[in-house]
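> predicted model follows, preceded by the sequence.
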Amino acid sequence: MKLWREPFDRAQKATKPAKVIIDKDRCKGCGYCAEFCPKGVLEMSQEINSKGYPLPVVLDQNRCLACGLCEAICPDFGIFIRYEKEGGL
Amino acid sequence: MKLWREPFDRAQKATKPAKVIIDKDRCKGCGYCAEFCPKGVLEMSQEINSKGYPLPVVLDQNRCLACGLCEAICPDFGIFIRYEKEGGL
Amino acid sequence: MNGDEACAEGAISAGCRFFAGYPITPATEVAERMSKRLPKVGGIYIQMEDEIASMNAILGASWAGQKAMTSTSGPGFSLMMENLGLGVMLETPCVLVNIQRAGPSTGLPTLVGQGDMMQARWGAHGIYEIIAIVPNSPQEMFSLTITAFNLSEKYRVPVLIMSDEAVGHMSEKVVIHRVNQQDLLERKKPCAESANYQPYKPDDDLIPPMAIAGNGYRFHVTGLTHDERGYPVMTSVAQDKLMRRLVEKIRQNRDDIILLEEVSLDDADVVVCAYGITSRVAYRAVQQARGEGIRAGLLRLITVWPFPEQRIADLASQATTFVVPEINYGQISLEIERCAQGKARTVLLPHMGGGVHHPQIILAAIREASLC
Amino acid sequence: MNGDEACAEGAISAGCRFFAGYPITPATEVAERMSKRLPKVGGIYIQMEDEIASMNAILGASWAGQKAMTSTSGPGFSLMMENLGLGVMLETPCVLVNIQRAGPSTGLPTLVGQGDMMQARWGAHGIYEIIAIVPNSPQEMFSLTITAFNLSEKYRVPVLIMSDEAVGHMSEKVVIHRVNQQDLLERKKPCAESANYQPYKPDDDLIPPMAIAGNGYRFHVTGLTHDERGYPVMTSVAQDKLMRRLVEKIRQNRDDIILLEEVSLDDADVVVCAYGITSRVAYRAVQQARGEGIRAGLLRLITVWPFPEQRIADLASQATTFVVPEINYGQISLEIERCAQGKARTVLLPHMGGGVHHPQIILAAIREASLC
Amino acid sequence: MDKDSDSRFEIRIAGFGGQGVILSGQIMGKAASIYDKGFATMTQSYGPEARGGSCAAEVVISQNPIDYPYVTSPQVVVILAQEAYTNYGRNPSTDTLVIIDPDLVNPDPFQTPPPLSVPATRMAQEMGRTVVANIIVLGFLSAVSNLVSVEALRKAVLASVPEGTGEFNLKAFDLGRTYGLEQERRNTVGGK
Amino acid sequence: MDKDSDSRFEIRIAGFGGQGVILSGQIMGKAASIYDKGFATMTQSYGPEARGGSCAAEVVISQNPIDYPYVTSPQVVVILAQEAYTNYGRNPSTDTLVIIDPDLVNPDPFQTPPPLSVPATRMAQEMGRTVVANIIVLGFLSAVSNLVSVEALRKAVLASVPEGTGEFNLKAFDLGRTYGLEQERRNTVGGK
Amino acid sequence: MLDVVTEANHGIEAFLRTDRIPHIWCAGCGIGPAAGCFIRAIERSGIDADKIALVSGIGCTGRVAGYVKLDSFHTTHGRALPFATGLKLGNPNLNVVVFSGDGDLAAIGGNHLIHSARRNIDMTVVCINNFTYGMTGGQLGPTTPLEARSSTSPYGNFESPFNLPHLMAACGATYVARWTVIHLRQLERAIAEAMSKSGFSFIEVLAPCPTLYGRMNKHGQPVDQMHSYQERCSVKNGANPVDVEIDMNGPIIVGKFIDTERPTFADHYMQICDKAQTK
Amino acid sequence: MLDVVTEANHGIEAFLRTDRIPHIWCAGCGIGPAAGCFIRAIERSGIDADKIALVSGIGCTGRVAGYVKLDSFHTTHGRALPFATGLKLGNPNLNVVVFSGDGDLAAIGGNHLIHSARRNIDMTVVCINNFTYGMTGGQLGPTTPLEARSSTSPYGNFESPFNLPHLMAACGATYVARWTVIHLRQLERAIAEAMSKSGFSFIEVLAPCPTLYGRMNKHGQPVDQMHSYQERCSVKNGANPVDVEIDMNGPIIVGKFIDTERPTFADHYMQICDKAQTK
Ligand SMILES: Cc1ncc(C[n+]2csc(CCOP(=O)(O)OP(=O)(O)O)c2C)c(N)n1
Ligand SMILES: Cc1ncc(C[n+]2csc(CCOP(=O)(O)OP(=O)(O)O)c2C)c(N)n1
Ligand code: SF4
Ligand code: SF4
Ligand code: SF4
Ligand code: SF4
C-alpha cells in the first residue's frame, strides 16, 4: 500500500550529492524511512540486527534527492544523509 | 447616592399584604436591605445590636410591595417578609 | 494471576463496586483488572486526572454507600496523603493499595522497594492512627484485600494495603473462593430517626454508625474539628475529644486488628522480623539457620500498623536479637528497636531497593546474632 | 513583628530572592511579607496555583541559581511531600517553612499544633534523610531561617523549618541584624570544565558541586535513580550507591547540623524534652520544679531531624525519666523512647492541639517523675 | 532562670474579629518593647472568621526576657464582646482591672468591683470611623493604668496604623485617654 | 518447613521487552500450578521500556508450596538477547541447560557444553508473526526438558494467548517442539 | 403577630441549620445571598431535597455546606469536585451540587474543574467569585483582575486572571452562566435550571467581599461593590464566552452563555457496561 | 567514505547524549522524530543552546530531557511546568522549553498547564499527544478519543477528551499550534518560532505510539498511524480552536491556530518592581 507522499523541500536539496547512512545498532526497523522516502530509495530487508529488528537497505543511492526526510522521520536517529563536500573528500 | 434599581417581580407580589421582620441577632448591618429596597421602606438606624452592628428600621410598612428583595439580598438570613394569611390569623 | 490482579479480584469479592485510580507502575495492573471487571458487575471504574482526585473520588463514593478502592505506588501515595487525612477525619471506609517500588522520587519505577512503611503511618499531617496490612503472596493479595475492606467498614477508617512490586508482579496460583456474605463486614447503619441522627455520635465501641447520602438524614460532615453533630467546633476541647476517639478506636482494638504469622518462635533466640516479599526471603534464611541448629524464628508482620508493640516487647524478653531485613534504610526496625526497650538487640539489614535481600545475608546475620 | 514576618525577613537577609507559595493559615503572613519585600529588592514573589506547584517552582528557581523558599501549613505540607522527594533526589538547596496548625485534615486552621513532626521525616515515599529545625520565638524565626538556608546550601538538601502557629503568630521584638557575607554559605560551584562536569560526582564530603542552568554545562538531572553523570540507571547497585550517599551526607554530619539548647541538664534526674512553643512552656515548668528543689532540666530540640540520638542516649544513662510534652499524640517521644533503650523511662504528655500545655501539667509530670 | 516573674505584667484583650483586638495587642507590645525598651510578647487566638468570630490578644510585658508567653493571671482585662465577658471578664481575680465597652457587654450587675466602662464603639462611630474604637480603648487604658508609658503608646500607635491615618488615630487615642482621666475611680495598676 | 527443596525446579527466561518473556514465564507457571496441579511462582524484572529493555522472568516449580520465590540455581536458562547472555548465560553451573536464539545471541564459542539453539525469532518471522517466537521457545523447551508436561503446557498456552489466536499459537508451539525433538542432543532435566 | 423567625414563617429557614446561625460571614458578604438563591432554587426546581448532596471545598464559600440543611460535605481545599464525582457515580440518583469559591475551584482545584467538565459529570457547580481568597485574608487569586490590590499584591496584581466561562466552555461544560448577587432572581432561576438539567453546569457568581477585596480596592462599604456591579453589568444571554473577560473597572457581561446537551460520563459508561455484560 | 555516525557528519548528533542511545523508545515511536524537530529548531532559531533549559515530566516523552544535550531536567509526573516557571523566573535569560506527554501535561499536570498559560510565562511547551499514557502501558488518558481501546478501557473509552488547543486558547496562550510527526518541517518551524517569541507557546504534536495505542486500535504496524495522519490531516492555519476537536477516525485539523502578543508575567512583574522600588 503506497499512499500520497509529500516530498520535503525537494527543490533546495535535490541537487546536492549525498549518501544515506544507516546506523544498524540504532535502527529498530519501524520502516518509516522506507515507507516515506519520496523516491523509494530505501526498502526493508530480511536482515535483522542484534536485537532482532529488520533493517532497511538502500536500493538505489542515485535516486536520492537528499531531501532529509528519512533522517528527520527516523525515530531512532538511526539514518542520516551525509552530504558530500563540494569537490569530494 | 441612590442608583437605578430593579424591582423584583413587583407585579405578582405587590398586592399581598405583608410585614417586614428583622432578626436583630442575625443582622450585621450591611445596609443592603435599606439601600436596595425599591420603595425605600427601610433605613439604617443608630440602634446597634449586641455585636455592635447598626440595625435597619422599617420606615413605612405600607409602602412595602412584598417583592422579597430585602429577604433575598440579606447576607445573614436576617430579614424576611411575613405574608399575612388571607383573612388574617 | 499476579498479585495486582489478585488484589482486584479480592476487592470484587469483598463487594467493592467503585474504583478510582491513576496509572502508575507497578500498581497499574490493579486498575487494569478493575477496568475489565467492574463494568461486568455493574460497578464504576473511573480513571481520575491524578491520585489526589482518585483519593477524593473514593471518599465520595464511600459516602454514596459504595465500598471503594484506589491503588497506587510511592509518588501517587505521597499525593494522596492530604486526603487520606480527610478520610480519617470523616471516618470514611475505603481501601488504598500501595504497590511499593524503590524511591524516593521517581526512583526505580519498575523495581521493588519497601520505603513507604513509615509514610503509611506518618505521611499525612496532624494526629491520626491508621491500619496497614502487608500481603506476601498473590493469594494473600486476594484474601487480605477482603480483610482490608472488612476492617475498613468495621472501624470506619481508610485501610492501607502496603504491598510491594515483587508481590504485585509475582504470578502464582490464586484460589478465588466464593466469600460468604456473613464473612463480609459492613459499616454500621444508623438506627436513630433521621431527625435525631448525629453523624459523629459514637456507640460504646467508639465507632459512630454511618449514614450515607440520599437517605434523608441531611447530615453534615467536615474535615474541620467537629462535634458529634458533625459541626465545626474550633476549640482545643473539641479537638481533644475527637482526636482521642479517632486514635483510640484503633488502638483499643489492636487485638482484633493485628495479624501476625509466627514461625518457630517458641524457643527462638534470634527473631527475624520481616514483612511482604522480604518475609519470604527471611523464611528461607530461618529454615537454613534451623538446619544449622540455630534457634531462629520468624515473626512476620501482616499488620504493620497499628504496630504490634506488645508482641515485640514479649519477644524482646525471650530473644537476644531481632534481625530486621527491610528494603529501605531502616523503618520498621526503628519501631522494633523502640519496643524492644534495650532488652534485645535490633540488627537492621537494609536493602536500598531494586531487588530483594539474598537469603545468605539474612542467614549470616542470624549466625552472627546466635553467637552473641 | 510576628514569627511569620520574622521568617520572611530572615530569608531576605539570607539572600533569598525567590518565593513561591500558596496562602494558608497560619503561614500566610510569611508570603504576605515576602510579597511586600521581594519586589523592593528585585526578587520574585509568585503565588502559585497550589502547594505542589510552589514546591516545584522553588526547585526550578534553585536550579536557576536562586536561594528559594516556600511556606505552608499541614494540608499544604502534605501536598508538597512528593516533590520534597524530588528536591532530595536532585539535591536541590531550598527552604520549606511549615507553620504547624492542629490537624489532621483541615482540623483547627487558626490554632496551634505540632502534629507534623514525624511527617517531616517520613512524609515522602522512599528512602531519604532530611534536616528540620524548630524555632521558638520570632527572633529565632529570623535567625534560624538564615541557618536553614546555610544548611540547605551546604548539604544540598531541602531544609524544613517546622514552626507552629503559636510562634508564627507571636509578636515580639525582632532584631534584624545585618548578616555578614561570610556568614552566608553558598552551594559549591563546579570547578571542572563544563565538558567533564558530572552533576552527581561527589567530593570527599559526599556533596557534589552544583552547576546551575544557563552556564554551558549541559547537564542532566532526574528524579530517577541515577549515576554520577546524572543518567538514569535502573539497577539496585546504582540505587544502593545513591541512597547511601544521600543519607550519609546528612548522617555523617550530624554534629555539624544538630543544634540543641540545654538548660540545667548537668545534674538533671528528670529531663523535659521539648521543641517549638512547647519548649517555652516547659521552660517555665522546669524553673518551677527547680524552685521546688527537683533536679529537672530542659533539653530543647532546635534540630529535630536528624534526630540527636546520641545526646538522648547519653542523657538516658544519667536521668531516670524523660518527660516529653508535645502538641500531638506522641511523635518525638517515640524517638526518645527508642534512643533511651530502656535506660530511662519516657513519659509522653500529649496535647491534641488548639492550645498549649498548661505549665502545671508539665510540672506535675516532673514531680511525679522525681518520685520514682 | 526565674528572671521575669517580678517585673511581669499581663494584659488580655478579648472581643471579636474586626474590632482590632490583635492590633491593640501589637501596639501595647510594641510600646513596651520598642519604645519603653523592655520586653513584650503578644500571642493571639482567633477563629476562622475574617470578621465577627471571637478573638483574643494576650500581652506579657516585662523588664526581662519572657520565656512563658501566655497570660495566666492578668493585671488588666479588656472585654469587647459578651462571649469574651463570659469567658474572661465575669470572675476576675480581685486585683485584676476589668475594662468593658458597655454597649457590647452586659456586665453582671453584682460583680465587685464593677468593671470600668468606655463606650469606645459608640465614640468611634461618633468620630465617623468605627475602626478606631480599639485606639480609643488604648487611650483609655493609658489613663487608668501605667503599664506602658503614654509616650511609648502614642509612638506605637503612629507606627502601627495605615499611612495617612496617624493623626486621626491619635485624636481617637486622646479622646479615650481624656475619657479615662475623667472617670472618677482611677485604678492604677502596675508599679512602674 | 523445608518442604520445597527436593522437588524444586528453577527456570530463568531472559531477553528484552516485547519478546513475550514474561508471558512465557506465566505460561510455564500456569502449566505447572494449574494444569499439572503443582505449585509455581513467577517473578519478573524489567526496565521502564515498553519495548526493547532487558527483561527476565524467573519461574520456580515445585510439588510443595514455594516460600522463597527467586531463582538461585536454575535448571534451565532461556536466553533471547546478548545482554542477557552476558549476565546469565555465559557461566552456567554444569547441570544447567542453556537455550539460546542464535540470531540474537552470539555465544562464547568455548562454552561447554555448548548451549542448545532454537532460531525462534526467525521461525516466527517465517510463520508471519514475530510475536509467537516465545511460544516456539516453549515448544522447544517441552521437547528438551520435562519440567512440565506437554499437555499442561499446551493448555496453558491456549489459556494465555489472545482470543482467536489459539490455533496459530499451538502451531507455533508444535513447530518449536518438533524442532526440539529433532535436535540430536536431548538433554532432559527434571526427574518428574 | 409574631416577630420571631420560625420555620413556618420564613421559607428558607427549613433549609438552614439555624442552630449554626449567625454564620461566620462578614457584614455584606455576597456568599449569603448566593446561598439563599440556591435554597430557593431547590424549592423552585421541585427536586427532592433528600436526594441532593451538597459538596464544598475550603474557604469562606466552603462554609455553605455547613449552613444548608442537606446531606452536605465540607471536604478539603480544592477537592470538592472529585469528591462530588465519587458521590454522583456512587449513587446516580443523587442530585449533586458543588458550591465553592473561585480559589477553591479554579486555583488549587483547577485541574478537577477542567476534567470534571470534560467528562461531563452530571452536577451543578456554583462558583462564588469574590476576586480573592477570602478565608485566608484576601490574597491574590486566579480571578483577581490585573492591577487590583490584595494582601499579596500590595503594589497591584501582576497576573492575568482567568475568564472562567471561557475556560468552562473550552472543556465542554453544557451549561455556563454568570450572574452577580444583585441578580437575585436570575441567579435563583439559573441554579434551578442547572440542577434540573443533566450534564456539567457551571455558574459563576460575582459576590462582594467587602472586608478584603472591597476594602483593599476602594470599595470599603458593602454597598459599594453592589453598586459597582449595578453600574458595570449588562445582561447578554448567549454571549460568546470568549468575550466575557472581567477587568478591574470595566463593563461586566452577565447572562447564560451556554446551554447545550451532550452525553454525560454516566451515559457513556452505561453503554460500556451493556457491552461488557453481553460480551 | 566513513559509514559511522560522528558528530561531524550528522547535524543533530551534537545535541544528543549519544552515550545513551539507542534510546528506550519503541520501534516507530513518534517521540523521536519530534525530538529531532526540536533539535533542528534550535539550530534554525539561532538561539544560544547554552541558554536553553529543557524540562520534562515523567512518561515516555519525559525521557526527551535525558537524550537531548542541553541543561535538562527530568522532574516528576505532571510538574514540569511549575519547575520550568521557577527556572524561567529565577533566571530570565534562560530560554525554557517544556517537552512532555499529554498525560503529564494535561492529566496530572492540567492545573499547571492552564495557570502557566494564564500567567503567560515566557516558555515553549511541546506536548506529545499519543492519545494514551505510554510509559505505564497504554491506559486511557484525557486525550484518548471516545470509543478508543486502552488497557483501562477494554470495552472502548467512555470519557470525552480535551481539545487541547481550545483549552490553551481559553487560558490566553499566545501561540497555539498543532502538527503531527509527519509534518516534520512545519513542526520544526513552529518550535523555532515559538522559542523565538516571548510569551506562553503551546504546540500539540500528534505522534504514533504503535506499541500501545496503535496496537490496541487496529494500527498495529508503526506506519499505520502515520498513514492515518496523512489521510486525516488537513492544514488550516488560523483555524478557530473551537473547531479542531479530534475524534477516533475523523478528520484532523493541523496548523498554527494562534499567534498573538500580550505582556508576560515578567513584563507585568517588572512594572510592579519599579513601582515598589520608587515607593
Ligand atoms: C491544601 C490547602 N491549601 C491552602 C489552604 C488555605 N485556604 C483555605 S481557604 C483558601 C482560599 C479560599 O478562597 P476561595 O476559594 O476563593 O473562597 P473564599 O474564601 O474567597 O470564599 C485557602 C488558600 C487549605 N485549607 N488547604
Ligand atoms: C505521581 C505519579 N503518578 C503516576 C505516575 C506514573 N506515570 C508515569 S508516566 C505516566 C503517564 C505518561 O503518559 P504521557 O504523559 O502521555 O506520556 P507518554 O508516556 O505517553 O509519552 C504515568 C501515569 C508517576 N510517575 N507519578
Ligand atoms: S526510520 Fe530509522 S528506525 Fe525506522 S527503519 Fe528507518 S532507520 Fe530504522
Ligand atoms: S440586609 Fe440583612 S444584614 Fe444587611 S442590614 Fe439588612 S437585615 Fe441587616
Ligand atoms: S472575608 Fe470576604 S468572602 Fe469571607 S466572609 Fe468576609 S466578606 Fe465574605
Ligand atoms: S510505549 Fe508508545 S509512547 Fe512509549 S516509547 Fe513505545 S511507542 Fe513510544
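Noted; the coordinates are in hand. Ligands and ions are numbered 1, 2, ... in the order given.
> so how many other residues sit close to residue 52?
Since you didn't name a chain, this refers to chain A. When counting by other CB atoms under 10 Å in any protein chain shown, one arrives at 25 neighbours for A:G52. Glycine gets a C-beta too; all of them are placed from N, C-alpha and C.
> wait, I meant chain E there
Here the neighbour count serves as a burial measure; for E:G52 (other CB under 10 Å) it reads 23.
> am I right that it is in contact with G:C29?
No - under the criterion of CB atoms under 8 Å, E:G52 is not in contact with G:C29, lying 10.0 Å apart.
> which residues touch the residue lying closest to G:G110 once chain neighbours are set aside?
On the basis of CB to CB, 6 or more residues apart in numbering or on different chains, the spatially nearest residue to G:G110 that is not a chain neighbour turns out to be H:N111, at 4.3 Å. For H:N111, the set of contacting residues under the criterion of CB atoms under 8 Å, 6 or more residues apart in numbering or on different chains consists of D:E49, D:D50, D:A53, G:I108, G:G109, G:G110, G:N111, G:I114.
> same question for C:E91.
Counting by CB under 8 Å, 6+ apart, C:E91 touches C:R156, C:V157, C:Y200, C:I207, C:P208, C:M210, C:L246.
> and which of those residues is nearest to D:N150?
The shortest gap between D:N150 and any of these belongs to C:L246, at 39.4 Å (CB to CB).
> starting at the chain centroid, how far to the helix or strand hosting the closest one?
When secondary structure is defined using DSSP states H and E, the element that contains C:L246 is helix C:236-251. Averaging C-alpha coordinates over helix C:236-251 and over its chain gives two centres that are 21 Å apart (CA atoms, centre = their mean, to the nearest Å).
> could you do stretch G:268-279 as well?
Distance, stretch centre to chain centre, for stretch G:268-279: 34 Å (CA atoms, centre = their mean).
> what of stretch C:336-354?
Relative to where its chain is centred, stretch C:336-354 has its mean C-alpha point 20 Å off (CA atoms, centre = their mean).
> buried ones in that stretch?
Of all the residues in stretch C:336-354, those buried under the rule 16 or more other CB atoms under 10 Å in any protein chain shown are C:336-341, C:343-354.
> C:T222: how many residues sit nearby?
Counted with other CB under 10 Å, the neighbours of C:T222 add up to 27.
> ignore what I typed, I meant G:D48.
Here the count is done by other CB under 10 Å, and G:D48 has 12 residues near it.
> which residues of chain C lie near ligand 2?
For chain C, the residues in contact with ligand 2 (CB under 6 Å from any ligand atom) are C:Y22, C:P23, C:I24, C:E51, C:P75, C:G76, C:L79, C:T106.
> could I get those as TSV with secondary structure and pLDDT?
Compiled in TSV, the residues of chain C next to ligand 2 are given as follows (DSSP: H, G, I helix; E, B strand; the rest coil; pLDDT from 0 to 100):
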residue	secondary structure	pLDDT
C:Y22	coil	98
C:P23	coil	98
C:I24	coil	98
C:E51	helix	98
C:P75	helix	98
C:G76	helix	98
C:L79	helix	98
C:T106	coil	97
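> what's the closest of those to ligand 1?
Within the residues of chain C next to ligand 2, proximity to ligand 1 (CB to the nearest ligand atom) peaks at C:L79, which comes in at 11.9 Å.
> returning to that earlier point: which one of the contacts of C:E91 sits closest to G:L89?
Comparing the contacts of C:E91 against G:L89 with CB to CB picks out C:M210 as the nearest, at 19.0 Å.
> got the contact list for the closest one?
So, once contact is read as CB under 8 Å, 6+ apart, C:M210 ends up touching C:E91, C:P93, C:R156, C:R187, C:K188, C:K189, C:P190, C:P199.
> quick one: which of the residues you listed has the most company?
Most neighbours among the contacts of C:M210, by other CB under 10 Å: C:P93, with 27 neighbours.
> in what helix or strand does the nearest residue to it once chain neighbours are set aside lie?
In space, and not counting its chain neighbours, C:P93 is closest to C:S152: 4.2 Å by CB to CB, 6+ apart. Counting by DSSP H and E, the element that carries C:S152 is helix C:138-155.
> using CSV, list the CA coordinates for stretch G:78-98.
Once side chains and other backbone atoms are set aside, the C-alpha atoms of stretch G:78-98 remain, and they are given as CSV (Å, rounded to 0.1, in the frame of the first residue of the first chain):
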residue,chain,number,x,y,z
GLY,G,78,-9.8,22.3,46.0
ARG,G,79,-11.2,18.8,46.2
ALA,G,80,-14.9,19.3,46.2
LEU,G,81,-15.2,18.2,42.6
PRO,G,82,-13.5,14.8,42.7
PHE,G,83,-15.4,14.1,46.0
ALA,G,84,-18.6,15.0,44.3
THR,G,85,-17.7,12.8,41.3
GLY,G,86,-17.4,9.9,43.6
LEU,G,87,-20.8,10.7,45.2
LYS,G,88,-22.5,11.1,41.9
LEU,G,89,-21.1,8.0,40.3
GLY,G,90,-21.5,6.1,43.5
ASN,G,91,-25.2,6.9,43.6
PRO,G,92,-26.6,8.2,40.3
ASN,G,93,-29.8,9.1,42.0
LEU,G,94,-28.2,11.9,43.8
ASN,G,95,-28.5,15.5,42.5
VAL,G,96,-25.0,16.8,43.3
VAL,G,97,-24.3,20.4,43.8
VAL,G,98,-20.8,21.8,44.3
